[in-house]
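**Student:** take this sequence and fold it.
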Amino acid sequence: MDVSVIIINYNTFEITSNCISSIINHTRALEYEIILVDNGSTESDPQFFLKSFPNIKLIISRENLGFAKGNNLGLEAATGKYALLLNSDVLIQDNALAKCYNFLQEDGNVAAATVKLIYPDGALQHNCQRFPSVRYKLFELLRFQKLFGSKIGGKALLGSFFDYQSVVYPDWIWGTFFMFRKDLLHQLPKQKLADDFFMYAEDIQWCMDFRNLGYKTAFVPGVNVIHLFGKSNGPKNNMMVNNVTYLMMEYYSWPHRTAIKMLNFLLTGKYEY
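**Tutor:** Okay, the predicted model is just below:
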């Protein structure tokens, strides 16, 4: 098996069904399996998925485990060399699975990769990011991105500064479309993806853990998938802020954290990361 696709469903039967259909209709030259983890849905009986998609693996959790723990539950049943964590509100296009898989096959230094995420109207989503850093905060504060131009500055800062037209190696990528080498799970601190958080910022932590193992993350250009963005979960709240604060406490020294906060205050007027 080349790729195990893991999708978490929580009360989004129609959206999740559309996601599964898009995988089936737009994936070629790849041996894959689809593992659907139902995270305690009450909207409808998760067994209904098997009527439309009898070949998927359905895992039913009686409680909502959250995003990271739900994915770890799916990974226990995965047989692929690579795993793709895919939000249920994504619509696959462009044979994206095979193209991302081929990229990872060619570069053994890359642990995880993603592709271009677009809104239904074609607008870009900024799924390639830098870790909080004094270097990049100073780069932005001093407007070096204007001095060096969008090509160099955009690749340095990523996020909304990057044009998503070329291969780049971000510090972290969104968990929306997150393909990674499954054998690396055994090298992680708990031999699984970190699942400290119910949702939000787990993708930052995963990329930090891969970086600590000596691997990179990558963005694969020329491959678009549609992300409905926000259709598969509720509104964001203080979880994101709290989770990022936890990560900073775990992975950064006090002087480093303080310097980043101060620079961010100068940039945004907010004393946060």
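
**Student:** relative to its centre, which residue of the protein is most distant?
**Tutor:** Leu147 (31.0 Å; CA atoms, centre = their mean).

**Student:** show me the contacts for the closest residue in space to that one that isn't next to it in sequence.
**Tutor:** Once flanking residues are discounted, Leu147 sits nearest to Gly153: 7.5 Å by CB to CB, 6 or more residues apart in numbering. Backbone N, C-alpha and C define where each C-beta goes, glycine included. Listed by CB atoms under 8 Å, 6 or more residues apart in numbering, the contact partners of Gly153 are 139, 144-147, 161.

**Student:** and whichever strand or helix holds Thr245, what does it pack against?
**Tutor:** Using DSSP states H and E, Thr245 sits in helix 238-251. On a contact count with 3 or more CB pairs under 8 Å, 6 or more residues apart in numbering; DSSP states H and E, helix 238-251 meets helix 202-212, helix 254-268.

**Student:** out of these, indicate the one that is most buried.
**Tutor:** helix 202-212 (a mean of 21; mean count of other CB atoms under 10 Å).

**Student:** could you pull up the mean pLDDT of the following helix or strand past it?
**Tutor:** Using DSSP H and E, the next helix or strand after helix 202-212 towards the C-terminus is strand 216-227. Across strand 216-227, pLDDT averages out at 96.

**Student:** mind saving the C-alpha coords of strand 216-227 as PDB?
**Tutor:** What follows is strand 216-227, C-alpha atoms only, in PDB (Å, rounded to 0.1, in the frame of the first residue of the first chain):
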ATOM      1  CA  LYS A 216      12.300  18.900   6.700                       C
ATOM      2  CA  THR A 217       8.700  19.700   5.600                       C
ATOM      3  CA  ALA A 218       8.000  20.600   2.000                       C
ATOM      4  CA  PHE A 219       5.500  22.400  -0.200                       C
ATOM      5  CA  VAL A 220       4.800  20.900  -3.600                       C
ATOM      6  CA  PRO A 221       3.700  23.500  -6.200                       C
ATOM      7  CA  GLY A 222       1.500  23.000  -9.200                       C
ATOM      8  CA  VAL A 223      -1.000  20.800  -7.400                       C
ATOM      9  CA  ASN A 224      -4.200  22.500  -6.200                       C
ATOM     10  CA  VAL A 225      -6.900  21.100  -3.900                       C
ATOM     11  CA  ILE A 226     -10.000  22.900  -2.700                       C
ATOM     12  CA  HIS A 227     -10.400  23.500   1.000                       C
END
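
**Student:** circling back to that earlier point, and the helices and strands packed on helix 238-251 as TSV, adding distance to Thr42 and mean pLDDT?
**Tutor:** Listed next are the helices and strands packed on helix 238-251 as TSV, based on distance: least, CB to CB, whole Å; pLDDT from 0 to 100:
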stretch	distance to Thr42	mean pLDDT
helix 202-212	24	96
helix 254-268	39	93
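
**Student:** now do the closest residue to Trp174 other than its chain neighbours against Gly80, distance only.
**Tutor:** Closest residue to Trp174 apart from its sequence neighbours, by CB to CB, 6+ apart: Asn127 at 4.0 Å. Computed as CB to CB, to the nearest Å, the Asn127 to Gly80 distance reads 22 Å.
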